[in-house]
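Using only what follows, build the 3D model:
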Amino acid sequence: MQFHHLFRSLFVLLLTAFTLTSLLLTSVSPALARDNYPVCQGSNMIEELQVLEPKRYEKLQRLAKAEANDNGILWRITGEDEKVSYLFGTFHSTDPRITKLNTETKAALTDAQTVAVEVSNLSPKTMQSYMQQNPGVFFSIKGPKLNEYLSQEDYEAVSKVAIRQGMPKHMIPLLKPWFANISYFQVPACEAFRMGKGLSALDQQIIQQAKDSGKRLVGLETIHDQFSAFDAIPLRHQVTLLQDGIHNLPRINDFYITAIALYHKRELGMLIPLSIAYGRDQIKTAAAFVEFLDIMVVKRNKQMFENSLPLVNKGGAFIAVGALHLIGRDGLVAAYRQAGFNVEKVN
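Numbers count the residues shown, from 1 in each chain. Now for the predicted structure:
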């Protein structure tokens, strides 16, 4: 990258790693720390809509039901030779309402010979090394800065949250919009606190269990695949999604609790329509999500499917990826079916 020379000093590397604090906390934490910390509380926004805005709720329901295969998080994949593997949709959370696996999922994970996840190594050392080598993915060194994309009010909102979390003021303009969004406006403080205390999110627990039991652990993509995908979202859409994060910050706990409820009810198709419905400008938000889903979900689905296919053909695989990767006509459930596998919902 043309920006490497700007980030070679240890001081800047440490700053860079520090700006990733919230991201690192959501990616890596000491395995299975004792859970003595309160869980997030909030209102279920779907239940609110049912009572206060029934027509709006019905519209969201129609949009959600249009998504194929949105009603399950554990799927059994069987080939012509009767070899069985499982596909599991994760939710990146430490909340015991998420991390407590049901009997079927526990059995599928225990019996698996191979565990496949999105990225198998997100250690702080690996993350810091990647950021040092690829600073331009996260920061805008040349060209317009964050304060030029946002209104003064929005920029002040970002600055307030970032400074509170330890970001030096002079670094804030360098943040790319996508990075500012996921760093400061996607994880509620209550959940970040739990992660900071060493509690592992569901996907990290699955990785740790695979390591502890001596199973083969496979990453379906690399760190670069994930972060370069974020960076590939067109800038105007990055800005829109950041503006939505700022706009919805007062209800971040409610969004989080609602997402947990939808995950439990196996209504995954509701997640994106709900986000669009609460966008600051729904037309812009809808357009942003079209690009977001194409880049962050559909294109990555193709790579995950191709990389997991040898594992599924062999059998005995437990494939654990974000739940949104399962649903829709371009989701992994559909991909395995199109490849000739029998895919049945377990729960």
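
any idea of the mean pLDDT for stretch 144-151?
Over the span of stretch 144-151, the pLDDT mean works out to 96.

quick one: contacts of that stretch?
Contact partners of stretch 144-151, identified using CB atoms under 8 Å, 6 or more residues apart in numbering, comprise 140, 155, 158, 172-177, 180, 235, 239, 242-243. C-beta here means a position set from N, CA and C on the backbone, and glycine is covered the same way.

need the residues you listed in TSV with pLDDT, secondary structure and neighbour count, can you?
Shown next, in TSV, are the contacts of stretch 144-151 (pLDDT from 0 to 100; DSSP: H, G, I helix; E, B strand; the rest coil; neighbours: other CB atoms under 10 Å):
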residue	pLDDT	secondary structure	neighbour count
140	94	coil	20
155	98	helix	19
158	98	helix	26
172	97	helix	19
173	97	helix	17
174	96	helix	18
175	97	strand	23
176	97	coil	22
177	98	helix	24
180	97	helix	28
235	97	helix	15
239	98	helix	22
242	98	helix	27
243	98	helix	25
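
all helices for the stretch 51-200 of the chain, in order.
Under the criterion DSSP state H, counting those that start in this stretch, the stretch 51-200 of the chain carries helices at the ranges 54-65, 96-99, 103-111, 124-133, 146-149, 152-164, 177-184, 189-196.

Show me which residues of the longest one are buried.
Within helix 152-164, the residues that qualify as buried are 154-155, 157-159, 161-162, counting by 16 or more other CB atoms under 10 Å.

mind putting these in TSV, distance to residue 315 included?
Converted to TSV, the buried residues of helix 152-164 look like this (distance: CB to CB, whole Å):
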residue	distance to residue 315
154	51
155	53
157	51
158	48
159	52
161	47
162	47
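
Out of these, the closest to residue 201 would be?
Set against residue 201, the nearest of these by CB to CB is residue 161 (21.2 Å).

unless I'm mixing things up, the closest one is touching residue 185, no?
Yes. With contacts counted by CB atoms under 8 Å, residue 161 reaches residue 185, the gap being 7.4 Å.

Quickly list what's touching both of those two.
Among the neighbours of residue 161, those also in contact with residue 185 (CB under 8 Å, 6+ apart) are residue 249.

coming back round to it: could the helices of the stretch 51-200 of the chain be laid out in a markdown table, adding distance to residue 269?
What follows is the helices of the stretch 51-200 of the chain, written out as a markdown table (distance: least, CB to CB, whole Å):
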| stretch | distance to residue 269 |
| --- | --- |
| helix 54-65 | 4 |
| helix 96-99 | 18 |
| helix 103-111 | 20 |
| helix 124-133 | 32 |
| helix 146-149 | 31 |
| helix 152-164 | 30 |
| helix 177-184 | 22 |
| helix 189-196 | 23 |
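
Could you tell me the least trusted of the ones you listed?
Among those, helix 124-133 carries the lowest mean pLDDT, at a mean of 87.

counting contacts, what elements does that helix pack onto?
helix 10-19, helix 21-27, helix 223-232 (3 or more CB pairs under 8 Å, 6 or more residues apart in numbering; DSSP states H and E).

what do you get if the cut-off is 6 Å, keeping everything else the same?
With contacts defined as 3 or more CB pairs under 6 Å, 6 or more residues apart in numbering; DSSP states H and E, the packing partners of helix 124-133 are helix 10-19.

any idea of the mean pLDDT in the helix it packs on?
Mean pLDDT, computed over helix 10-19, is 34.

Quick check: the farthest pair among the contacts of stretch 144-151?
Farthest pair in the contacts of stretch 144-151, by CB to CB: 174 and 243, 18.5 Å.

Where does the prediction get shaky in this structure?
Counting by pLDDT under 70, the chain shows low-confidence ranges at 1-33.

Need the outlier residue of it, farthest from its centre.
Largest separation from the mean C-alpha position in the chain: residue 81, at 33.9 Å (CA atoms, centre = their mean).

Noted, bye for now.
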